[in-house]
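# Got a predicted model here, sequence first, then my questions.
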Amino acid sequence: MVAAENIAIGVREKIDPARLKAIVVGSLGNLVEYFDFYVYAAFSLYFAQHFFPGDDPVAQNLSTAAVFAIGFFMRPVGGWLFGAFADTHGRRKSLMLSVGMMCFGSLMIACAPTYATIGVGAPILLLFARMLQGLSLGGEYGSSATYLAEMATSSRRGFYSSFLYVTLIGGQLAALAVLLVLQNLLLSPEQLREWGWRIPFLIGAGLALFALVMRRDLKETEAFVEAHEKRPRGAGLRVIVDYPREVLTVIGLTMGGTLAFYVYTIYMQKFLKLSVGLTYGETTWVSAGSLVFALILQPIYGDLSDRIGRKKLLLAFGVLGTLCTVPLLTAIQHAKGPWEAFGLIALGWCIVSAYTSINAVVKAELFPAAVRASGVGLPYGLAVSVFGGSAEYIALWFKQQGHESGFYYYATAVIFCSLLVYFLMPDTKQTSQLDREARAALVSE
């Protein structure tokens, strides 16, 4: 009721501590999910040899990157299945189911036998576990983005929804923090390579159980409760047929942003080690520092979108990403030390955050409540599986072929395609389906 009244009279309300606390607590489960998922990337330099034998470290990392990419192809399936579940049974139940599945996948990897023990069965088990995690994460994004957007107030929706990427990046940062502790305080490099890489997967499984319990107390959103009463049967299957333009918009606006995001997160760790030539420790510190910087930027950019609109930020990312990706990655490749590399990566994050901070709320604002989780999760999962999950593999493939810079131009081209979508799409802050529903609720009362 308060949100609807604020829409009607144009009030920009103050940040509500109680609402902010609920959103942060609700999104902490998202942090655990992404911790479990990205521990794989953070520790792959250590366990690659146990699942993919050979003497070429680039080839081994190429194999682990391929498994990482294949796991991503389960994300659109998860986005569809969990999205339909969230639109039918509620956001809270979907979030609980997704984190439970992530727990099982992490536990499988922690206990997986190596290639030396069972041969080809080892990478098969690893692949199956990653597919379960991909399915879980595909459902997590759509449900989380929908939950945060529906819980937020109108004039602060960009700010509140930015916490999706605060926790997403926080999950990666937590994975790197565990790596730093194990690297510098507890284990030697040899111990990490032999058995220490299993520890973070056990930690992740335990945290997922904690998140599962925590999510039991989440409050269901009013938007779902109202939409559920009049939701037609099979609405989750109708999102592509009934909202084709919105679905294509989500795919288009996501493809460049998700590729850039995975360049500066997942691939950057390999890039710093294999191309820039930093040590394992320097690679981890630079990656962790840049993620802290990126995390801080998210609510700042989200709040800015509440003031100037979503489209201007997306256009800024598209233009600067198209112009600066090649020179930035080239400069990072030739960085003379960890501090120079950190500064250049931080500059990249100033560009990429214009997308990451608001992309979730933009997608949620495109769809009505009855199909919102499906509309956000399915097309997003398709775009991420094709352009995000494959980023590391494509980059390593270019490197293996001796044409590493070719990947820089590939990334630029994909970002440019998203820029065209940003020019053509409306500013969802002005056309938000969430606001339309709030106004309708106010009129009906």
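Happy to help now that I have it.

# Determine which residue lies closest to the centroid of this structure.
Leu168 (5.6 Å; Cα atoms, centre = their mean).

# show me the contacts for it.
When contacts are counted by Cβ atoms under 8 Å, 6 or more residues apart in numbering, Leu168 is found next to 30-31, 34. C-beta coordinates here come from the backbone N, C-alpha and C atoms, glycine included.

# One more pass at 10 Å, please.
Counting by Cβ atoms under 10 Å, 6 or more residues apart in numbering, Leu168 touches 27, 30-31, 33-35, 37-38, 137, 140-141, 144, 261, 265, 294-295, 298, 356, 360.

# how about low-confidence regions in the stretch 51-200 of the chain?
54-65, 68-69 (pLDDT under 70).

# Can you show me the helices along it?
57-72, 75-89, 91-111, 115-118, 121-151, 157-161, 163-181, 189-194, 199-215 (DSSP state H, counting those that start in this stretch).

# What of the stretch 201-350 of the chain?
Remark: helices assigned in the stretch 201-350 of the chain by DSSP H, counting those that start in this stretch are 222-228, 239-242, 244-262, 268-271, 280-308, 310-333, 338-356.

# Reformat the ones you listed as CSV; add mean pLDDT, mean neighbour count and distance to Leu107.
Formatted as CSV, the helices of the stretch 201-350 of the chain follow (pLDDT from 0 to 100; neighbours: other Cβ atoms under 10 Å; distance: least, Cβ to Cβ, whole Å):
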stretch, mean pLDDT, mean neighbour count, distance to Leu107
helix 222-228, 66, 18, 31
helix 239-242, 72, 16, 33
helix 244-262, 92, 22, 25
helix 268-271, 82, 24, 24
helix 280-308, 90, 20, 25
helix 310-333, 94, 20, 36
helix 338-356, 94, 21, 29
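
# Now distance to Leu192 too, for those helices, in TSV please.
Compiled in TSV, the helices of the stretch 201-350 of the chain are given as follows (distance: least, Cβ to Cβ, whole Å):
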stretch	distance to Leu192
helix 222-228	44
helix 239-242	44
helix 244-262	24
helix 268-271	15
helix 280-308	9
helix 310-333	25
helix 338-356	20
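
# of all these, which lies closest to Pro76?
Closest to Pro76 of the helices of the stretch 201-350 of the chain, according to Cβ to Cβ: helix 244-262, at 10.1 Å.

# just the angle between that closest one and helix 280-308, please?
Angle, helix 244-262 to helix 280-308, by axes from the mean of the first three to the mean of the last three Cα atoms, to 10 degrees: 140 degrees.

# wait, which of the helices of the stretch 201-350 of the chain is closest to Lys429?
Distance to Lys429, taken as Cβ to Cβ, is lowest for helix 310-333 among the helices of the stretch 201-350 of the chain, at 5.1 Å.

# by contact count, what packs against that closest one?
helix 157-161, helix 244-262, helix 268-271, helix 280-308, helix 338-356, helix 359-364, helix 405-424, helix 428-431 (3 or more Cβ pairs under 10 Å, 6 or more residues apart in numbering; DSSP states H and E).

# Just the buried positions in the last one, please.
The neighbour-count criterion (16 or more other Cβ atoms under 10 Å) identifies 428-429 as the buried residues of helix 428-431.

# neighbouring contacts of that helix?
Contacts of helix 428-431 (Cβ under 10 Å, 6+ apart): 154-155, 157-158, 249, 253, 305-312, 314, 358, 361-366, 425, 434-435.

# mean confidence score for it?
Per-residue pLDDT values over helix 428-431 give a mean of 86.

# what's around Leu81, how many residues?
With neighbours defined by other Cβ atoms under 10 Å, the count for Leu81 comes to 21.

# ok, it - contacts?
74, 94, 97-98, 135, 138-139, 236, 374, 377-378.

# I'd like those laid out as a markdown table, including distance to Tyr408 and neighbour count.
Shown next, in a markdown table, are the contacts of Leu81 (distance: Cβ to Cβ, whole Å; neighbours: other Cβ atoms under 10 Å):
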| residue | distance to Tyr408 | neighbour count |
| --- | --- | --- |
| Met74 | 28 | 23 |
| Ser94 | 38 | 28 |
| Leu97 | 39 | 21 |
| Ser98 | 34 | 32 |
| Leu135 | 32 | 24 |
| Gly138 | 28 | 31 |
| Gly139 | 33 | 33 |
| Gly236 | 39 | 23 |
| Ser374 | 35 | 30 |
| Gly377 | 30 | 35 |
| Leu378 | 30 | 29 |
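
# out of the residues you listed, who's nearest Leu173?
Taking Cβ to Cβ as the measure, Leu173 lies nearest Ser98 of the contacts of Leu81, at 20.6 Å.

# Assess the claim that the closest one and Phe82 are in contact.
Yes: at 5.8 Å, Ser98 counts as touching Phe82 under the criterion of Cβ atoms under 10 Å.

# How many residues are close by Ile118?
By other Cβ under 10 Å, neighbour count at Ile118 equals 13.

# pretty sure it contacts Ile124?
Yes: assessed by Cβ under 10 Å, Ile118 is found in contact with Ile124 at 9.1 Å.

# For the two, list the residues in contact with both.
Common contacts of Ile118 and Ile124 (Cβ under 10 Å, 6+ apart): Ala112.

# about what we covered before: wait, which of the helices of the stretch 201-350 of the chain is closest to Phe163?
Set against Phe163 and scored by Cβ to Cβ, the helices of the stretch 201-350 of the chain come closest in helix 280-308, at 7.0 Å.

# Now do the closest one and helix 163-181, the angle between them.
Using the same axes, to 10 degrees: helix 280-308 against helix 163-181 is 170 degrees.

# The helices of the stretch 201-350 of the chain: which one's closest to Tyr408?
Among the helices of the stretch 201-350 of the chain, the nearest to Tyr408 by Cβ to Cβ is helix 310-333 (4.6 Å).

# ok, Val292 - contacts?
169-170, 173, 176, 346.

# Among the residues you listed, which one lies nearest to Cys111?
Taking these together and measuring to Cys111 by Cβ to Cβ, the closest member is Leu176, at 23.1 Å.

# My read is that the closest one contacts Thr284, right?
Yes: assessed by Cβ under 10 Å, Leu176 is found in contact with Thr284 at 5.9 Å.

# Dump the helices and strands packed on helix 310-333 to TSV, plus distance to Pro327.
Rendered in TSV, the data for those read as follows (distance: least, Cβ to Cβ, whole Å):
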stretch	distance to Pro327
helix 157-161	29
helix 244-262	14
helix 268-271	15
helix 280-308	18
helix 338-356	10
helix 359-364	24
helix 405-424	9
helix 428-431	31
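
# ok, Pro338 to Arg310 distance?
Separation of Pro338 from Arg310 (Cβ to Cβ, to the nearest Å) stands at 35 Å.

# Oops, could you answer that again for Asn184 instead?
Distance, Asn184 to Arg310, by Cβ to Cβ: 41 Å.
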